[in-house]
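Participant: Pasting the sequence and the predicted coordinates here, then a few questions.
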Amino acid sequence: MPKASKKKILFYNWIQFDEPNNLGGGVNVYQKNLIEELIKENKYEIYFLSSGVRYDILRKKTYIEKTKNCFGDKCKSFRIVNSACTAPMSSMYENIDTFLTDDTTYETLKNFIKEQNGFDIIHFNNIEGLSSKCLEIKKDFPKTKTIYSLHNYLCFTPQVNMFYLCENADSKEIVKKPNQKNTIRFYKLDSKLRKLKCSNLSTKILSKAKKIANGNVKTTQQTICIDNKDIARYCDQNVGRINEYIDIVLAVSERTREIGIKHGIDENKIHTEYIGTAFAEKAKYKLHEKEPNPYFTIAYMGYFEKVKGFNFLINALKKLPNDVAKRVDFVCYARIKSDSDKELASEVIKLNKHLHSAKHFNGYSHEELGEIMKDADLGIVPVIWEDNLPQVAIEYAAHGVPVLASNLGGAHELSKCKEFVFKANDEKDFLNKLNNIILDRNLANKYFENMIHLNTLRDYIDKLEGYYDK
């Protein structure tokens, strides 16, 4: 009998999955892990496409080029160069109409699919770097299954991060975002320096040149005022295309699914599937054992970002009652990337005056998690936006560390224990919940008694293949 041909999958994300320096964040980690596992199965022919971050100084026309990747020829990777839609979406904030109507990226994607003799499945992990019209690709390839994963809220708001603010359609949303032209200038220079790296120039000279370039060609911020009526128009067009042309929408948390339905996505085609992680394979589902200690260790791991709740957390810890504060050790793992980050790191150190101790560590790696978690009594995820499902929450819970999370986004869904959920940006509620957890250590056991089952990569892929093969 002839051997059955493999199904062809095209994955899309704005940045290639093996880009260094954590560009693309958790979505890129997810994409890389997923491709790696599917390669092991040897059931699919895997392709990957990115767009919106490569611009050619010498050519203006939009085109596609083949790229190298960490999986070699086991994954065929490509990127769109000179896309009319830059990525990430923040630089397109003042160009909503381009994002909604541009035909060049659609035609480029269509021609690429034809050149590769079509795909059985196209899995969008977002649409940044492409125009919204690319969601209509099924018009030209009706037999192709189209899947869209809601890792963020790009389809509902060009700001991508969704807050619980600005629901009045007559109001205006005022934000500071990079200018698209300056962003493209930086990308062009970045592209040129990458090519220079292949020449005989030393890495040291290149590094110095890039530092100079970053100082001279900044992605400058500008204040943009946009009517929420325009955001409503933006949302309606994106959601309309999803409902008409996308077969399956995957939400990474129940809250993400709720928000999707609230914004008009057909509830019959949107499904919640928690992302699988390697940490779930060794999940404890109980409070981890640790040496008896009179002090209570609180951990924050992530970024020095207001939207991640860092500023809120620091200000709240300053207001812990003195008798409780002197029992608390605070550890912060966040990488310093700018002068403002240095200032925020110094705010952590200042907490030594109020808490028993406070320490800052310049980021962390996944290899260090076991060591970090063994001393932690509580992980904090204090996000002030609807963060779909921060991976750090799963990392805490899998290591036997309970998570105190805000009620926004999906982090609080890991356990049904209400004592570990506080109202976002509400210091009083946060301090009440934190105080109770510190004083009653049995609450941690309650957290794990009510914890959901975490998906391993195998669990997740089994479910994903159900959608692929359905």
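Facilitator: In hand now; what should we look at? Just so it is clear, the model here is predicted, and its values are computed rather than measured.
Participant: can you map out the helices along the stretch 201-350 of the chain?
Facilitator: With DSSP state H, counting those that start in this stretch as the criterion, the stretch 201-350 of the chain has helices at 203-216, 228-245, 254-262, 310-317, 322-325, 339-350.
Participant: so what does the longest one touch, helix or strand wise?
Facilitator: For helix 228-245, the contact count by 3 or more CB pairs under 8 Å, 6 or more residues apart in numbering; DSSP states H and E identifies helix 96-101, strand 172-178 as packing neighbours. Placement of C-beta: from N, CA and C, glycine included.
Participant: Just give the number of residues close to residue 35.
Facilitator: By other CB atoms under 10 Å, 24 other residues sit near residue 35.
Participant: and what of residue 67?
Facilitator: 15.
Participant: Just the pLDDT for it.
Facilitator: Listed pLDDT for residue 67 reads 96.
Participant: ok, it touching residue 78?
Facilitator: Yes. Using CB atoms under 8 Å, residue 67 is in contact with residue 78, at 6.2 Å.
Participant: right, and the helices of the stretch 201-350 of the chain - which one's nearest residue 88?
Facilitator: Nearest to residue 88, of all those, is helix 228-245, at 15.9 Å by CB to CB.
Participant: Which residues are in contact with residue 245?
Facilitator: Residues in contact with residue 245 (CB atoms under 8 Å, 6 or more residues apart in numbering) are 135-139, 146.
Participant: Neighbour-wise, which one of these leads?
Facilitator: residue 135 leads the contacts of residue 245 on contacts (other CB under 10 Å) with 25 neighbours.
Participant: Okay, now the unreliable bits of the stretch 251-400 of the chain?
Facilitator: For the stretch 251-400 of the chain, no stretch has pLDDT under 70.
Participant: ranges for the strands of it?
Facilitator: 270-272, 296-302, 328-334, 357-361, 378-381 (DSSP state E, counting those that start in this stretch).
Participant: Nearest to residue 466, out of the ones you listed?
Facilitator: strand 270-272 (9.8 Å).
Participant: Could you name the helices and strands sitting against that closest one?
Facilitator: strand 248-251, helix 254-262.
Participant: so what secondary structure elements neighbour the last one?
Facilitator: Meaning helix 254-262. strand 145-150, strand 248-251, strand 270-272.
Participant: ok, back up a step: can I get the helices and strands packed on strand 270-272 in a markdown table with mean neighbour count and distance to residue 434?
Facilitator: Compiled in a markdown table, those are given as follows (neighbours: other CB atoms under 10 Å; distance: least, CB to CB, whole Å):
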| stretch | mean neighbour count | distance to residue 434 |
| --- | --- | --- |
| strand 248-251 | 23 | 29 |
| helix 254-262 | 18 | 22 |
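Participant: Throw these into CSV and include distance to residue 441, thanks.
Facilitator: What follows is the helices and strands packed on strand 270-272, written out as CSV (distance: least, CB to CB, whole Å):
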stretch, distance to residue 441
strand 248-251, 34
helix 254-262, 28
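Participant: Select, out of the ones you listed, the one closest to residue 428.
Facilitator: Closest among the helices and strands packed on strand 270-272, using CB to CB: helix 254-262, at 22.8 Å.
Participant: And the contacts of the closest one?
Facilitator: By CB under 8 Å, 6+ apart, helix 254-262 touches 150, 153, 156, 162, 249, 251, 267, 270-272, 386, 388-389, 408-410, 413.
Participant: circling back to that earlier point, which stretch among the strands of the stretch 251-400 of the chain comes nearest residue 401?
Facilitator: strand 378-381 (5.0 Å).
Participant: how far out from the middle of the chain is the closest one?
Facilitator: 18 Å (CA atoms, centre = their mean, to the nearest Å).
Participant: same question, stretch 316-325
Facilitator: 32 Å.
Participant: What's the end-to-end length of it?
Facilitator: Chord length of stretch 316-325, first to last residue, is 11 Å (CA to CA, to the nearest Å).
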